[in-house]
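In: Quick check, what structure comes out for this input:
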Amino acid sequence: GRMTPRSGTTPLGRQLLGAQVVVVAAMAVTVTGVAALLGPPAFESHMQQAGHEQPPLVLQHAQQAFQTAGIIALGAGIATAALGAILVQSVLARRLGTAVRELTDGSQRVAHGDYGTPITLTAGVAELDTVADNLNLMAARIHATEATRRRLLTDISHEMRTPIAAMNVLLEALEDGVADPDPETLAALRRQTARLN
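Out: Residues are numbered from 1 along each chain as shown. Sure thing, here's the model as predicted:
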């Protein structure tokens, strides 16, 4: 089955999206604060350079219109940038989340003894592709080692079965009195013991 996240953990995609939202919010607050601090003095400075020391009512209205238009433009720009950033981050998070899920599922197959099914990632994240390739290499090595172990156990059991059977036959023959413990019988037992060694 699929591995469930540990309690208290958040999936990677949500973590990345949350981090992006925090970054965009911090950017919006910073840009708005800087614009609010620098915009009005800059406007006033330009008005003074134009020769308007004490702005009449029209100039006050112009300054307020400039501030309102600036806030609206700034808000629209920040909202558009935030929406774009969140959409891009959502796509990337989904793509990365898919790759991590495929990697997790594949590593669980290996952990449960399925060494023959390679881990393939559809998302194409270079670093995770490297991890998948390394897990596939490890699984292939484990598979080869397991096959060697099985073959070795089969060979050993086959090689041991024959001398043990021969020794059992000789021992039964000695116990039943069919064979005598003469040098020939003892030599046959020694040959089977040597074969086992």
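In: Please count neighbours and contacts with C-alpha atoms only from this point.
Out: Noted.
In: max-length helix in this protein?
Out: Counting residues, the longest helix found in the chain (DSSP state H) is helix 57-111.
In: So what angle separates the directions of the worst-scoring helix or strand of the chain on mean pLDDT and helix 57-111?
Out: Using mean pLDDT, DSSP states H and E, the weakest-scoring helix or strand in the chain turns out to be helix 12-49, at a mean of 75. Calculated by axes from the mean of the first three to the mean of the last three CA atoms, to 10 degrees, helix 12-49 forms an angle of 160 degrees with helix 57-111.
In: Helix 12-49 packs against which elements?
Out: Judged by 3 or more CA pairs under 8 Å, 6 or more residues apart in numbering; DSSP states H and E, helix 12-49 is in contact with helix 57-111.
In: Now the element after the helix it packs on, going C-ward?
Out: Using DSSP states H and E, the helix or strand that follows helix 57-111 towards the C-terminus is helix 126-176.
In: Now do the same for that next one: mean pLDDT, whole number.
Out: Mean per-residue pLDDT for helix 126-176: 89.
In: Following element in sequence after that helix, please.
Out: Helices and strands here follow DSSP H and E; after helix 126-176, the next one along the chain is helix 183-196.
In: So what's the gap between that following helix and the chain middle?
Out: Its chain's C-alpha centre and that of helix 183-196 lie 59 Å apart, by CA atoms, centre = their mean, to the nearest Å.
In: Ok, stretch 32-48 next?
Out: Relative to its parent chain, stretch 32-48 has a centroid offset of 48 Å by CA atoms, centre = their mean.
In: can you check stretch 120-127 too?
Out: Stretch 120-127 has its C-alpha centroid displaced from the chain centroid by 10 Å (CA atoms, centre = their mean).
In: Need the residues that contact that stretch.
Out: Under the criterion CA atoms under 8 Å, 6 or more residues apart in numbering, residues 95, 96, 98, 99, 102, 103, 106, 129, 132 lie in contact with stretch 120-127.
In: Kindly recompute the last result at 7 Å.
Out: 95, 96, 98, 99, 102, 129 (CA atoms under 7 Å, 6 or more residues apart in numbering).
In: Just the terminal-to-terminal distance for it.
Out: By CA to CA, to the nearest Å, the extent of stretch 120-127 from end to end equals 13 Å.
In: Return the set of buried residues in it.
Out: Neighbour-count burial for stretch 120-127 flags 121, 123 (criterion: 16 or more other CA atoms under 10 Å).
In: swap in stretch 66-86?
Out: Neighbour counts using 16+ other CA under 10 Å place 67, 70, 74, 78, 82, 85, 86 of stretch 66-86 among the buried residues.
In: Please apply the same query to stretch 156-173.
Out: Buried residues in stretch 156-173, defined by neighbour count with 16+ other CA under 10 Å: 163, 164, 167, 170, 171.
In: Any idea how far that stretch is from the middle of the chain?
Out: Relative to its chain's centre, stretch 156-173 lies at 53 Å (CA atoms, centre = their mean).
In: which outside residues touch that stretch?
Out: The contact list for stretch 156-173 (CA under 7 Å, 6+ apart) reads 179, 189, 192, 195, 196.
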